[in-house]
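>>> using only what follows, build the 3D model:
(one chain, ligands or ions: 1)
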Amino acid sequence: MNESRSTATASEIRDLFDRIAPVYDQLNNWLSLGQHWVWKLMAIKWSCVGSGSICLDLCCGSGDLAQLLARQVGVTGRVYGVDFSPAQLAIAKARVSQLYPPLPISWVEADALNLPFEDNYFDGATMGYGLRNVTDIPLCLREIYRTLKPGAKAAILDFNRPQQLPMRAFQEWYLENIVVPRAKALGLTEEYAYIAPSLERFPTGSQQVGLALKAGFASATHYPIAAGMMGVLVVSKA
Ligand SMILES: C[S@@+](CC[C@H](N)C(=O)[O-])C[C@H]1O[C@@H](n2cnc3c(N)ncnc32)[C@H](O)[C@@H]1O
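Numbers count the residues shown, from 1 in each chain. Sure thing, here's the model as predicted:
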């Protein structure tokens, strides 16, 4: 089995994220007890972007990481929030349209495996819970590598399988007994039952480091966070 490939097709994945779009933010906040905001801020810190940076938020979904990133780069910078789910992007756009002053974000409907940006374009990139969902992880990493400027970094946040057995058991219990029933109450059992198998297939932190180096990155480090239940892969281009 190729561990870096998802078994679902890209259109199945896009349809799934279109369907869950109306409840995605609510479930994210509830299921992480708001902690996903902290993990997203950590990813931004690791991406080392600053005022005036031109940044990519890949697989942006409903756009909360892109919004945080936009605040970090300020009015002289720009964030490109990229996703292939029209329903997620519609929510992302609606959320920022109510903000004043407006945030410097451009929403782009595109495939993370074939980015519509030239080489060496971005000063930094983030991705939250996207890498586990793309159908070809090595290709996605190569696209991030291609579009980053030399010296730039990307920080990729996703679930992680804890090394320690008690935490691993807790994570399995939580997904099965909290996440799936909560999603079931919203009529989305199948849509959220995909998380556990997708996590099983997802490369471990050290495998992600190996894939990133193979994609061309000069350095790659995987940081387990949240007692090892989440992880941030930080990569830099020479
Ligand atoms: C779990 S959501 C994460 C959303 C957001 N980044 C967050 O942290 O909450 C994963 C997102 O990846 C998007 N996605 C998956 N595969 C993609 C691809 N090949 N190209 C673009 N977007 C993709 C989905 O549409 C979905 O919005």
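
>>> longest helix anywhere in the chain?
Longest helix in the chain, counting residues (DSSP state H): helix 10-31.

>>> convert the following helix or strand past that one to PDB, retaining C-alpha atoms only.
With elements assigned by DSSP states H and E, the helix or strand that comes after helix 10-31 is helix 35-47. Only the C-alpha atoms of helix 35-47 are listed here, as PDB (Å, rounded to 0.1, in the frame of the first residue of the first chain):
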ATOM      1  CA  GLN A  35      -8.000  24.500  20.800                       C
ATOM      2  CA  HIS A  36      -7.700  24.500  17.000                       C
ATOM      3  CA  TRP A  37      -7.300  28.300  17.100                       C
ATOM      4  CA  VAL A  38      -4.200  27.800  19.300                       C
ATOM      5  CA  TRP A  39      -2.800  25.100  17.000                       C
ATOM      6  CA  LYS A  40      -3.400  27.300  14.000                       C
ATOM      7  CA  LEU A  41      -1.600  30.200  15.700                       C
ATOM      8  CA  MET A  42       1.400  27.900  16.400                       C
ATOM      9  CA  ALA A  43       1.500  26.900  12.700                       C
ATOM     10  CA  ILE A  44       1.600  30.600  11.700                       C
ATOM     11  CA  LYS A  45       4.400  31.300  14.100                       C
ATOM     12  CA  TRP A  46       6.400  28.300  12.600                       C
ATOM     13  CA  SER A  47       5.800  29.600   9.100                       C
END
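
>>> anything in helix 35-47 sitting right up against the ligand?
No - against the ligand, helix 35-47 shows no contacts by Cβ under 6 Å from any ligand atom, the least distance being 6.6 Å. The C-beta positions use only the backbone N, C-alpha and C, and glycine is treated the same way.

>>> list the buried residues for that helix?
Of the residues in helix 35-47, 36, 39-40, 42-44, 46-47 count as buried by neighbour count, 16 or more other Cβ atoms under 10 Å.

>>> what is the mean pLDDT for the helix or strand that contains T126?
Per DSSP H and E: T126 is located in strand 122-128. The average pLDDT within strand 122-128 is 98.

>>> who touches that strand?
36, 39-40, 43-44, 47-49, 53-61, 64-65, 69, 80, 112, 144, 147-149, 152-158 (Cβ atoms under 8 Å, 6 or more residues apart in numbering).

>>> now what about the strand ranked longest in the chain, what contacts it?
What stands out as the longest strand in the chain, according to DSSP state E, is strand 148-159. With contact meaning Cβ under 8 Å, 6+ apart, strand 148-159 is reached by 39-40, 42-48, 56, 65, 120-132, 144, 195, 199, 202, 208, 229-238.

>>> name only those of the residues you listed that count as buried.
Using 16+ other Cβ under 10 Å, the buried ones in the contacts of strand 148-159 are 39-40, 42-44, 46-48, 56, 65, 121-132, 144, 195, 199, 202, 208, 229-237.
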